[in-house]
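Trainee: Just need the structure, nothing else, for what follows:
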Amino acid sequence: MSVHQLKIGDIECAVLHEGESDLIAANLAQRYPGVSQAQIERALAGGAPSGSLNLPCISSGGTRILADVGFGAAGGPTAGNTEAALNSIGIGLADIDIVFLSHFHGDHIAGLALDENRMEFPRARFVTTQAEWDEWIGRWSASDAPGDQKNLERFTSLQDRFSFVSAGEEIAPGVTVVDLKGHTLGHAGLLLESGGERLLHVVDLLHQPFQFAHTNWHFSFDSDPELAEETRRNTLERCAAEGILTLFYHMPFPGLGQVSEEGGAFVWNPVA
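Mentor: Just a heads-up that it's a prediction; the model follows:
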């Protein structure tokens with residue numbers, strides 16, 4: 001089971017490999033409006049697209065946080081490893097105090113239910129932004145699609161267990177919410193700070209390594225593409241300027257590395 005453990009000062013962090021999205025390079029241009037398949041292939045430079053799902057489990061001040069839950073059983077045979085990965089480091093579902101939901105796309109929330117009859121994380125409270133809740137409850141309420149109606153039913157049934165947070169708010173000692181809106185209207189990450197060390201979890205700031213060099217290539221699921229691009233560039237500039245260790249949800253496991261700026265383009269330098 002793939003788990004990458006590290007410490008940020010006194011904060012313990014384990015990045016769990018929940019699984020892989022089934023991405024095919026030949027179809028990837030469909031996910032980037034206005035970008036041709038030839039451009040995608042040149043940007044990939046013969047490499048495969050990244051479909052990793054990297055979930056941080058954070059322990060700080062006696063509070064254990066899981067940031068997003070992955071696909072769960074909905075992800076098919078290549079995903080759904082959250083529970084097994086947690087168990088491999090001695091953590092059970094009932095040991096999670098907070099499930100922080102960065103945003104409500106399926107590969108971040110579907111794992112809230114192991115199956116139709118068993119909910120995950122029986123003790124946890126769920127934490128997200130008000131803007132994220134409002135966007136998706138509104139979308140699902142206006143939709144007749146069975147999947148949307150199932151999400152609406154599931155989330156409204158859990159509403160009493162939700163807390164809403166804003167950027168700059170601390171949810172555990174040294175763990176602060178960061179505004180990353182654009183990909184969705186309430187998209188948010190986490191900044192870990194302890195003992196002079198920092199880790200910035202930027203979640204879905206981008207989805208493929210080629211977006212470091214092409215920050216203007218919009219992902220098809222961005223709620224506000226222009227705002228997503230602005231947030232992407234500003235955040236990458238910060239990471240490069242401040243030398244912050246950075247975690248991306250969709251970069252090859254474990255999704256950890258440094259961002260640098262070379263020749264006017266951002267470069268991703270993954271950890272060994």
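
Trainee: State the number of residues packed around the closest residue to Pro173 other than its chain neighbours.
Mentor: Leaving aside its chain neighbours, Pro173 sits nearest to Gly61 (3.6 Å; criterion: C-beta to C-beta, 6 or more residues apart in numbering). (C-beta placed from N, C-alpha, C; glycine too.) Burial of Gly61 is recorded as 13 neighbouring residues (other C-beta atoms under 10 Å).

Trainee: Can you report how many residues neighbour the residue lying closest to Phe71 once chain neighbours are set aside?
Mentor: Spatially, and ignoring its direct neighbours in sequence, Phe71 is nearest to Ala79 (4.1 Å; C-beta to C-beta, 6+ apart). One way to gauge burial is a neighbour count; for Ala79, by other C-beta under 10 Å, it gives 23.

Trainee: mind checking how far Ala79 is from His183?
Mentor: Using C-beta to C-beta, to the nearest Å, we find Ala79 at a distance of 20 Å from His183.

Trainee: now do Ser166
Mentor: Ser166 is 17 Å from His183, where distance means C-beta to C-beta.

Trainee: neighbour-wise, which of the two wins?
Mentor: Neighbours per residue, other C-beta under 10 Å: of Ser166 and His183, the larger number sits with His183, 26 against 12.

Trainee: Just give the number of residues close to Ala142.
Mentor: Using other C-beta under 10 Å, Ala142 has 9 other residues around it.

Trainee: So what sits opposite the spatially most central residue of the chain in the bridge?
Mentor: Central residue check for the chain by C-alpha atoms, centre = their mean: the C-alpha nearest the mean position is that of Val203, 3.3 Å away. Note on Val203: beta-bridge partners Phe248, judged by DSSP bridges.

Trainee: Let me know the pLDDT of it.
Mentor: Taken from the predicted model, the pLDDT recorded for Val203 is 98.

Trainee: Cool, thanks, talk later.
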